[in-house]
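A.B. asks: I would like to see how this sequence folds:
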Amino acid sequence: MSIHRLEEETIKYFMPDIPVVGIIGARQVGKTTLAKSLLSNFNDVVFLDLEKKSDRQIIENTEDFLNLNKGKVICIDEIQMMPDVLAEMRNFVDNNNDTKFIVLGSSSPDILRNSSESLAGRIFYFELQSFLWQEIKNKTSMKDYHLLGGMPKSILAKKKELSFVWLKNYIRTFLERDLRNFGFNIPPDTLHRLWQMLAHLNGQILNSSQLANSLGLTHTTIKTYIDILSNTFMLRILQPYHINVKKRLVKSPKVYFRDTGVLHTLLNIETYNDLFAHPVYGSSWEVTVIENVIAKYKNWNYYFYRTATGNELDLVLTKANRVIAIEIKSSNTPKLTKGFWYAIDDIKATEAYVIAPVRMPYPLKKNIMVYPLNDFLEKNIDE
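C.D. replies: A predicted model of the protein is given here:
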């Protein structure tokens with residue numbers, strides 16, 4: 001079994017009833033490793049990697065290829081290289097229940113929209129993220145996980161120096177090769193400058209016009225570039241929580257990086273001491289918490305909350321009639337502002353928590369609990 005054990009067990013549970021399993025996520029998060037672990041449970045499999053020209057040629061005549069491999073488990077890696085294959089799979093999937101598909105992609109279904117819509121109701125997507133804390137905690141420390149992020153080849157490197165060499169190459173390859181392979185013709189230097197600017201703005205309200213002025217680009221171009229970084233799992237755009245209250249609410253989204261290793265590499269932060277002294281430290285810790293919480297509770301809706309007067313919550317989770325407020329603090333002696341208390345009243349939170357790098361859980365006033373990240377994830381708010 002791959003180290004992404006939670007995702008593997010979930011997919012194995014659903015796979016008998018799903019014609020096409022789609023595993024999506026950023027480059028190098030372990031999609032191929034996970035898929036090969038799943039394939040090891042079957043006898044008759046076909047694996048194609050569409051980054052290879054020879055494998056693209058094999059499936060170029062898609063209909064004949066599929067008919068030749070009826071009854072097998074067919075895995076197609078880097079499907080965004082030939083998205084039209086998804087459209088051509090529709091009739092075959094409807095008429096061949098004994099054939100299973102696993103398709104892997106490094107871009108979101110939004111980018112594959114025209115093709116994946118042809119498989120609506122037939123393809124089920126599972127997003128694979130960088131290693132989550134509960135998957136990797138027995139192999140590293142929280143400080144290293146925060147500093148290096150969850151990319152397998154970063155967090156599992158034998159030396160931190162190797163982690164940052166790999167991350168620098170990862171960024172360069174993404175800008176110079178991967179985006180072109182995804183079909184985007186963007187000057188690498190331009191996107192690199194934008195990416196670096198966004199690193200300094202991690203966790204802040206997104207102001208596309210200000211970014212456009214700084215880079216000499218149009219507002220529309222900036223929005224397009226940010227959408228691309230979001231749809232390739234480099235950024236998370238966190239939307240504001242809008243409720244019917246008589247307050248002026250912030251309506252623009254926040255922008256976060258998805259992986260702290262990428263964030264820190266863009267800022268040339270290579271040691272934990274440098275990170276601790278850097279202004280990004282707090283918002284970087286927010287990335288670690290937000291990504292883990294959202295991944296754990298995929299069936300919840302998630303937002304942030306902020307009013308024009310400063311009432312603010314870092315994360316709001318909603319499901320049915322439950323509204324959970326979460327404040328994220330990077331200090332091991334977290335202090336809460338009046339804005340937090342006003343905010344939980346604003347949204348009529350049914351529960352509220354503080355997540356911080358503390359040693360153990362403890363109660364705060366008004367039934368608010370402070371949790372270390374690991375304890376909060378083990379708590380399981382669904383129960």
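
A.B. asks: use CA for all of it now, contacts and neighbours both
C.D. replies: Will do.

A.B. asks: in a strand, that's where Y256 is, yeah?
C.D. replies: Yes: read with DSSP: H, G, I helix; E, B strand; the rest coil, Y256 is one of the residues of a strand.

A.B. asks: quick check: the gap between it and K223.
C.D. replies: Y256 is 15 Å from K223, where distance means CA to CA, to the nearest Å.

A.B. asks: same question, K329
C.D. replies: 30 Å.

A.B. asks: what's the answer for D178, then?
C.D. replies: Remark: distance between D178 and K223 (CA to CA) = 20 Å.

A.B. asks: just give me the neighbour total for D55.
C.D. replies: 15 (other CA atoms under 10 Å).

A.B. asks: is it correct that D314 falls within a helix?
C.D. replies: No: using three-state DSSP, the assignment for D314 is strand, not a helix.

A.B. asks: neighbours of it, how many?
C.D. replies: With other CA under 10 Å as criterion, D314 counts 21.

A.B. asks: residue contacts, it?
C.D. replies: Residues near D314 by CA atoms under 8 Å, 6 or more residues apart in numbering: F304, Y305, A325, I326, E327, I328.

A.B. asks: check contacts around the residue nearest to W133 when sequence neighbours are not counted.
C.D. replies: The spatial neighbour of W133 that comes closest, neighbours along the chain excluded (CA to CA, 6 or more residues apart in numbering), is N292 at 7.0 Å. For N292, the contact set (CA under 8 Å, 6+ apart) comprises L132, W133, L377.

A.B. asks: per-domain residue ranges of the chain.
C.D. replies: As assigned by automatic domain parsing, the chain contains the domains 5-127, 190-379.

A.B. asks: the last one: how far from the chain's middle?
C.D. replies: It stands for domain 190-379. Relative to the centre of its chain, domain 190-379 is centred 13 Å away, using CA atoms, centre = their mean, to the nearest Å.

A.B. asks: phi, psi of A325?
C.D. replies: Main-chain torsions, A325, degrees, to the nearest 10: phi -100, psi 130.

A.B. asks: just to revisit the earlier point, tell me the secondary structure of the residue nearest to W133, please.
C.D. replies: Per three-state DSSP, N292 ends up helix.

A.B. asks: look up how far Q80 lies from E270.
C.D. replies: Using CA to CA, E270 is found at 33 Å from Q80.

A.B. asks: correction: T33
C.D. replies: 18 Å.

A.B. asks: same question for S40.
C.D. replies: 24 Å.

A.B. asks: so those two - more neighbours on which side?
C.D. replies: Q80 (24 against 11).

A.B. asks: hmm, back to that, for Y145, which of the domains of the chain is the nearest?
C.D. replies: Y145 sits nearest to domain 190-379 of all the domains of the chain, at 8.5 Å, using CA to CA.

A.B. asks: report the rounded mean pLDDT for that closest one.
C.D. replies: Averaged over domain 190-379, pLDDT sits at 94.

A.B. asks: strands of the stretch 51-200 of the chain, start to end?
C.D. replies: Under the criterion DSSP state E, counting those that start in this stretch, the stretch 51-200 of the chain contains strands at 73-77, 100-105, 123-127.

A.B. asks: what number of residues lie near N69?
C.D. replies: N69 has 14 nearby residues by other CA under 10 Å.

A.B. asks: ok, the nearest residue to N181 once chain neighbours are set aside - contacts?
C.D. replies: Spatial nearest neighbour of N181, excluding adjacent residues (CA to CA, 6+ apart): M81 at 6.5 Å. Applying CA under 8 Å, 6+ apart to M81 gives the contacts L50, E51, N181, F182.
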